[in-house]
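# Show me how the following folds:
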Amino acid sequence: MWVLETAAVAFGLYSALPVPAFKWNDRNMRYALAAFPLVGAALALALRGWTALCALLAMPTLLRGAGLCVLPALITGGIHLDGYADVSDALASRASPERMREILRDPHCGAFAVIRLCVYYIVFFALCCALDPTARALRCLGLGFVLSRALSGAVLTALPIAEGSSLARSFADAADKRRVRAILFAAAGLCLAGMALFGGWTVFLAALCVTAAVALRCGRTALRQFGGVSGDLAGWFLVKEEFWLLTVLVAVQLMEKSV
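Numbering: from 1, shown residues only. Down below sits the predicted model:
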């Protein structure tokens, strides 16, 4: 029973999917972060279903790309995009860490957040349209959604929590950090291995390099600019990771077609 409660807590917080509501307690929050990648698996299934429907109905490329573009926000409720917007505002302020943390807690959406989101969605939509939805690409894309969530959850157990990050601190403090971190890193490793199996060594090496670069950049930013990680910063990392993994898949496809 506690396993289902744990999964429901993860889906209830990190997705907009209807799940039974359970009161949070030490037992069902202990491994809630470890269940976070399951949301990515659900998203991967939704995208496979959408592309199959598009193929069945012979939908145009733009319509298929639009679905791929908006489904992550529909499935998650935009929770990670909210973090991406807040962090974009905070970084653009070039203020002190204390002031940046205040901006993260501000419920209003600033101009820089709007600009960054517009740019992000224009390019993300273009990439979704450019992606050839082969079985190989969709498998790697689905693994990318699981990988980003495994690493995002691991960040909350591996780095210090920034001041004022009450929700992130609640989950990080309630988690069995050592075991949860081991589970999440194991899940990330399996995702990368799956990319090597389904996508080949080119996709694997490109995804590994991109993941390492994004993780290092986001980790350094969190520690230097904010004094630690928060839920918003974990969401910022997740959005950037998924964006660059999609970029890698499209780039590999274009490179292979040109050879």
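# can we go C-alpha only for contacts and neighbour counts from here?
Will do.
# Who are the packing partners of the helix or strand harbouring V239?
Assigned by DSSP states H and E, V239 belongs to helix 231-258. With contacts taken as 3 or more Cα pairs under 8 Å, 6 or more residues apart in numbering; DSSP states H and E, helix 231-258 sits against helix 79-93, helix 111-130, helix 135-158, helix 201-226.
# In it, which of the residues would be classed as buried?
231-253 (16 or more other Cα atoms under 10 Å).
# any idea which of the helices and strands packed on helix 231-258 is most buried?
Highest mean neighbour count of the helices and strands packed on helix 231-258: helix 135-158, a mean of 24 (counted as mean count of other Cα atoms under 10 Å).
# And the helix holding V239, how far out from the chain middle?
In terms of Cα atoms, centre = their mean, to the nearest Å, the centre of helix 231-258 is found 10 Å from the chain centre.
# Likewise for stretch 9-17?
On Cα atoms, centre = their mean, the centre of stretch 9-17 falls 13 Å from that of its chain.
# How about stretch 99-116?
In terms of Cα atoms, centre = their mean, the centre of stretch 99-116 is found 19 Å from the chain centre.
# For that stretch, give me every contacting residue.
Contact with stretch 99-116 is made by 84-94, 163-164, 225-226, 232, as judged by Cα atoms under 8 Å, 6 or more residues apart in numbering.
# Nearest to L57 among the residues you listed?
Nearest to L57 among these: Y84, at 34.2 Å, using Cα to Cα.
# In space, what's closest to that closest one - neighbours in sequence excluded?
W236 (4.1 Å; Cα to Cα, 6 or more residues apart in numbering).
# What lies in contact with the one helix or strand V70 maps to?
Taking DSSP H and E as the definition, V70 sits inside helix 61-76. Contact partners of helix 61-76, identified using Cα under 8 Å, 6+ apart, comprise 14-17, 43, 46-47, 50-51, 54, 78-79, 81, 121, 124-126, 128-130.
# Show the model's pLDDT score for the closest residue to T76 other than its chain neighbours.
Of all residues beyond its chain neighbours, the one nearest T76 is S15 (3.8 Å), with distances taken as Cα to Cα, 6+ apart. We have a pLDDT of 86 for S15.
# thought S15 was touching V39?
Yes. Applying Cα atoms under 8 Å as the test, S15 and V39 come out as touching, 6.9 Å apart.
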